[in-house]
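[1] coordinates only, sequence not included:
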């Protein structure tokens, strides 16, 4: 079973089949009609002939038959003209009169049926078509046989029938093809609003859920589909809105108690306990932030028109992370491109991604070393550290949510790299991790350059 | 000097009230956007601490109304939403500063004090990092309260670093600050000043470090005990 992708192609192919069938059936039907009309005409003509002959047939008082045809008619039935012939048979089947030279009946067999009969026969080379018609003349029945030589040059009617296919039948095909072309044009016109709605539908993305399909010019038959799509979009938009609201509410509900807890801890007298609890709060706040980031990124889509300067994003990350690195006797540096490196993307989420990579690198690099963020054309950022590196076996799993090498340590839920991976994915970019020749890991993220 | 705290979580509001009281601030606490509007309409506050997630509306709406009335009362936004997007929205609505929950109480006090310092204050502001101090009025640096003497450009560099202590100051910003936007600057001019500052501060026994963040800029911080 062939499946059609478009309505037009479906209509065209069904139409072609219909045209094929019609272009065979229609000439056949016309031919049948034409030849039956021709036969009818012929029958009527033969009857008329028989009628005329009967008019000149007379039975004498002695029972002898006489036939006095006018000269014009004699000429018509003459053998020299050769088109028509007649014979008159009496009730006993004896030939009374005949236009033929041998005074023979036209049909060799006995054709004295009670009604008129028509038949074709051969006489020498000629195909003759004739009738045998009973007539009442002077109270007695005679059979008048009339025939016509179909191959005679003056016989036109069967020529018309015979010429039908070569001369007339072929015209049907071009007419049908023209009809097909007109139909395609009509369908295209009729489907134009639907195509327009499809174009609008293409612009729908999770970033643009407010788009609705136009219903103004849509044909009534397709309107339910368009309305259903619009309703689905409505629900989708509602879903996205609910998700965003949930994230905002969850952030409030989680972070406010943490702030309360933090403020209460600040009032504790024991400084050692206070410091330890602050550390716990910091770790927990980080996990809450990352979970909220993940929830927010769930519905995040890059606006195709948006552009970002990867170099300045990385410079911001380096500035943002520097105090944290310095607090651990580590440092951070920005290298590579000096000017802007434009890519397709959202600056805020790109910041989030590079920041998570930098955090991860600062976490793993030993004290006294520097984490390097390197930006290069066309849209590649690499984060290099001097830590233990990432073993080959872990290079896939590290991007999974909640993956940690050391499950005993708290304050790190293993969400950072999965956030990076999600953001890179949303930007249609790629992420890779390798080990440096001299030890340490290199995380490379590549994005789509702008233009 | 009265402060207004708009915070729907009662525990947090009471803790803030107590903490601010201990720091010498008198504060009123309201828990809804409606109460905040009423309080702001009737009382003149020195500063407002505004939580964004309020039960009867978005705190940003209160802030926007305040600014539409041309009321310049300093506003510190407290929010649970830490996203950069929210930060931008908050500052565009006219917030003077922004503090994401959970915050340290010292941080809150420091931000409030910064908001209360008006640009035209007669008293010069004294910036401190470790045992180094900088009087912004007299443009004078001290190490352990002993005045230090630098060239005008070194003073300018030290000031911009001290004003943003603990944060990275981009090399570009330092250059613009020193030479203006148009001047052609030698690529290592700033490095030379930084180098001299480092040396002189160390010689005077200053317990600060001027860190170079390669490719980005500089950061001054207290030199921690190793």
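    That came in fine, so what should we check first? Quantities reported herein were computed from a predicted structural model and do not represent experimental measurements.

[2] quick check on the residue in chain A that chain B sits nearest to: phi, psi?
    Proximity of chain A to chain B (C-beta to the nearest C-beta) peaks at residue A:334, 3.1 Å away. Placement of C-beta: from N, CA and C, glycine included. Taking degrees, to the nearest 10, you get phi -120, psi 130 for the backbone angles of residue A:334.

[3] contacts only, for the closest residue to it other than its chain neighbours.
    Excluding its sequence neighbours, the residue lying closest to residue A:334 (C-beta to C-beta, 6 or more residues apart in numbering or on different chains) is residue B:215, at 3.1 Å. By C-beta atoms under 8 Å, 6 or more residues apart in numbering or on different chains, the residues touching residue B:215 are A:315, A:318, A:333, A:334, A:335, A:373.

[4] quick revisit: local confidence estimate at the residue of chain A closest to chain B?
    Confidence at residue A:334, expressed as pLDDT, is 92.

[5] hey, what's it bridged with?
    residue A:373 (DSSP bridges).

[6] now residue A:136
    residue A:141.

[7] quick one: the closest residue to chain A within chain B from residue A:446, how far?
    Residue of chain B nearest chain A, by C-beta to the nearest C-beta: residue B:215 (3.1 Å). As judged by C-beta to C-beta, to the nearest Å, residue B:215 and residue A:446 stand 20 Å apart.

[8] show me what the worst-scoring helix or strand of chain A on mean pLDDT is in contact with.
    Sorting the helices and strands of chain A by mean pLDDT, DSSP states H and E puts helix A:157-163 at the bottom, at a mean of 73. If you take C-beta under 8 Å, 6+ apart as the criterion, helix A:157-163 is touched by A:31, A:34, A:35, A:38, A:41, A:42, A:150.

[9] for the third one, what are its contacts?
    Residue A:35 is in contact with residue A:161, counting by C-beta under 8 Å, 6+ apart.

[10] could you find the closest non-adjacent residue to residue A:23?
    In this structure, residue A:23 finds its nearest non-sequential neighbour in residue A:173, 5.1 Å apart by C-beta to C-beta, 6+ apart.

[11] that neighbour should be in a helix, yeah?
    Yes. Looking at residue A:173 with DSSP: H, G, I helix; E, B strand; the rest coil, it is inside a helix.

[12] distance check, it against residue A:286.
    As judged by C-beta to C-beta, residue A:173 and residue A:286 stand 78 Å apart.

[13] and what of residue A:335?
    From residue A:335 across to residue A:286, the span is 27 Å (C-beta to C-beta).

[14] do residue A:252 as well
    If you go by C-beta to C-beta, the gap between residue A:252 and residue A:286 works out to 17 Å.

[15] try residue A:450
    Distance, residue A:450 to residue A:286, by C-beta to C-beta: 32 Å.

[16] do the same with residue B:61
    Taken as C-beta to C-beta, the span from residue B:61 to residue A:286 is 30 Å.

[17] re earlier: wait, the residue of chain A closest to chain B touches residue A:321, no?
    No. With contact defined as C-beta atoms under 8 Å, residue A:334 and residue A:321 do not form a contacting pair (10.5 Å).

[18] run through the chain and note the low-pLDDT ranges.
    I'll assume chain A. Applying pLDDT under 70 to chain A picks out residues A:1-4, A:110-111, A:157-158, A:205-209, A:405-413.

[19] actually it's chain B I care about, not the one you picked
    Those would be B:82-92, B:118-124, B:180-187, B:225-226, if you go by pLDDT under 70 across chain B.

[20] ranges for the helices of it?
    Along chain B, the stretches classed as helices by DSSP state H are B:10-22, B:33-42, B:59-68, B:84-92, B:105-116, B:152-163, B:171-179, B:189-203.

[21] if anything else comes up later, I'll come back, but that's it for now.
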